[in-house]
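Novice: how does the following fold in three dimensions:
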Amino acid sequence: MFLLLDKPNMDADMQLASHVTHVHIHMTAPDLGFVPVNEAVLRYAWGRQPAVAMSVLLTRDRHRGALAFLRPQWLHCGGAQDRADPS
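Specialist: Model prediction:
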């Protein structure tokens, strides 16, 4: 499970959608207007990071705790009514 801390931004979302669409249609990235970081450098940097291993039980407990914490907020914001009303 990944958590993306994304702030809503219509311009950035449109740029990302345009980029992804271009890559899928043309099978190559569009001109970015700058020189991207070499893939070998990224792989080297990624490989130097220590691997973090978490047990399944710890991960499950963290998810349960997060859901238990967020559920009252969801209910307070009308989440249960949104789910019950399919329209």
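Novice: which residues touch Cys77?
Specialist: For Cys77, the contact set (C-beta atoms under 8 Å, 6 or more residues apart in numbering) is empty. The C-beta positions use only the backbone N, C-alpha and C, and glycine is treated the same way.
Novice: Ala17 now?
Specialist: Contact partners of Ala17, counting by C-beta under 8 Å, 6+ apart, are absent.
Novice: quick one: it and Gln73, what's the gap?
Specialist: Per C-beta to C-beta, to the nearest Å, Ala17 is found 30 Å from Gln73.
Novice: then Ala12?
Specialist: 26 Å.
Novice: now do Asp13
Specialist: Taken as C-beta to C-beta, the span from Asp13 to Gln73 is 25 Å.
Novice: what's the weakest-modelled helix or strand in the chain?
Specialist: Lowest on mean pLDDT, DSSP states H and E among the helices and strands of the chain sits helix 79-84, with a mean of 56.
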